[in-house]
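> Sequence plus predicted model, see below.
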Amino acid sequence: MRIVRIDDPADPRLHDYRDLTDTALRRALEPEGGLYIAESAKVIARAVAAGHRPRSVLVQEKWVADAAPLAGDAPVYVVPDGVAEALTGFAVHRGAMAAMHRPVLPAASDLLAGARTVVVLEDIVDHTNVGAAFRAAAALGADAVLVTPRSGDPLYRRSVRVSMGTVFQVPWARLPEWDAAAPLFARAGIHLAAMALAADAVPLDAFAARRPERLAVMLGSEGDGLSAAALAAADTIVTIPMAGGVDSLNVASASAVALWALR
């Protein structure tokens with residue numbers, strides 16, 4: 001391992017970690033730069049176990065023994081606490097971060113070819129919800145997650161952290177717009193189930209009792225739910241029965257409930 005101690009937050013070698021709290025900046029910077037940020041030794045270890053390669057590791061002195069061995073041939077930048085905070089924009093409590101090379105995403109059609117259960121996230125922009133949905137997908141046996149063009153980045157720092165690194169173990173890909181995406185499911189023989197409110201929606205328990213062998217569960221955005229195009233592509237509209245005057249669940253909670261019922 002290559003240990004490099006740095007005391008200046010303006011050092012150009014630390015560029016990958018600068019202004020991590022600026023979501024708009026990071027959304028543009030990270031994909032274009034071919035990187036994402038993994039936070040905490042546990043998450044970095046899961047990324048490395050999934051075959052992802054660190055470009056560098058940023059660590060505070062007391063965490064060197066935990067994080068440095070994960071770096072492989074990449075440099076390990078050791079910084080004081082104050083430098084880490086000035087650099088990233090927040091108090092770094094998890095001890096270590098890594099700038100990771102982004103893996104090449106598979107084609108959506110390739111993931112559908114062998115999948116039995118798929119989660120589709122349409123326009124989910126809250127990175128916390130994206131990460132939580134991936135964690136549910138991993139825990140409850142989904143084979144893949146597909147995200148639409150306007151959904152948040154599953155490899156954004158908050159998504160990775162909330163997912164506890166499960167974004168690395170569930171294969172995922174970006175879908176095209178629905179006019180091109182819907183035929184992918186049809187060709188693969190996968191039934192599209194839209195989780196939505198509708199007068200003709202089938203209750204989840206009734207749908208689960210006769211679940212199709214190969215199934216994609218579609219979940220919509222936090223505010224408006226699934227788009228008209230997604231609903232038009234669906235084979236069935238499914239709803240989770242509610243009580244207490246509540247009409248719907250948070251999208252991440254809904255994904256967990258649906259996947260548990262359909263497992």
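Now that the structure is in, tell me what you want to look at.
> What ranges does the stretch 1-150 of the chain have for its helices?
23-33, 41-49, 64-67, 81-88, 108-113, 127-139 (DSSP state H, counting those that start in this stretch).
> Mind putting those into a markdown table with mean pLDDT, mean neighbour count and distance to Val251?
No exception for glycine: its C-beta is placed from N, CA and C like everyone else's. Converted to a markdown table, the helices of the stretch 1-150 of the chain look like this (pLDDT from 0 to 100; neighbours: other CB atoms under 10 Å; distance: least, CB to CB, whole Å):
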| stretch | mean pLDDT | mean neighbour count | distance to Val251 |
| --- | --- | --- | --- |
| helix 23-33 | 88 | 14 | 19 |
| helix 41-49 | 93 | 20 | 22 |
| helix 64-67 | 88 | 17 | 33 |
| helix 81-88 | 90 | 18 | 28 |
| helix 108-113 | 97 | 18 | 20 |
| helix 127-139 | 96 | 24 | 5 |
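> Ok, which of these comes nearest Ala209?
helix 127-139 (21.1 Å; CB to CB).
> tell me what that closest one is packed against?
strand 117-121, strand 144-147, helix 157-163, helix 251-261 (3 or more CB pairs under 8 Å, 6 or more residues apart in numbering; DSSP states H and E).
> that older thread, in TSV, list the helices of the stretch 1-150 of the chain along with distance to Ser248.
Formatted as TSV, the helices of the stretch 1-150 of the chain follow (distance: least, CB to CB, whole Å):
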stretch	distance to Ser248
helix 23-33	25
helix 41-49	30
helix 64-67	40
helix 81-88	35
helix 108-113	27
helix 127-139	13
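> what's the closest of these to Ser255?
Of all these, helix 127-139 sits nearest to Ser255, with 4.6 Å by CB to CB.
> Report the contact partners of Ile190.
The neighbours of Ile190, taking CB atoms under 8 Å, 6 or more residues apart in numbering as the test, are 112, 115, 118, 214-216.
> Pull the most distant pair out of the residues you listed.
Leu112 and Leu215 (11.3 Å).
> Tell me the spacing between the most centrally placed residue in the chain and Val147.
By CA atoms, centre = their mean, the chain has its centre lying nearest to Pro154, at 2.8 Å. Distance of Pro154 to Val147, given as CB to CB, to the nearest Å: 7 Å.
> what does Val251 give?
12 Å.
> Likewise for Arg263?
Distance, Arg263 to Val147, using CB to CB: 21 Å.
> Now for the spatially closest residue to Tyr36 that is not a sequence neighbour: which residues touch it?
Spatial nearest neighbour of Tyr36, excluding adjacent residues (CB to CB, 6 or more residues apart in numbering): Leu155 at 3.8 Å. Residues near Leu155 by CB under 8 Å, 6+ apart: 30, 36, 102, 167.
> give the contact list for the second one.
This points to Tyr36. Neighbour list for Tyr36: 30, 99-100, 102, 153, 155-157, 160 [criterion: CB under 8 Å, 6+ apart].
> beta partners of it?
Beta-bridge partners of Tyr36, counted by DSSP bridges, are Met100.
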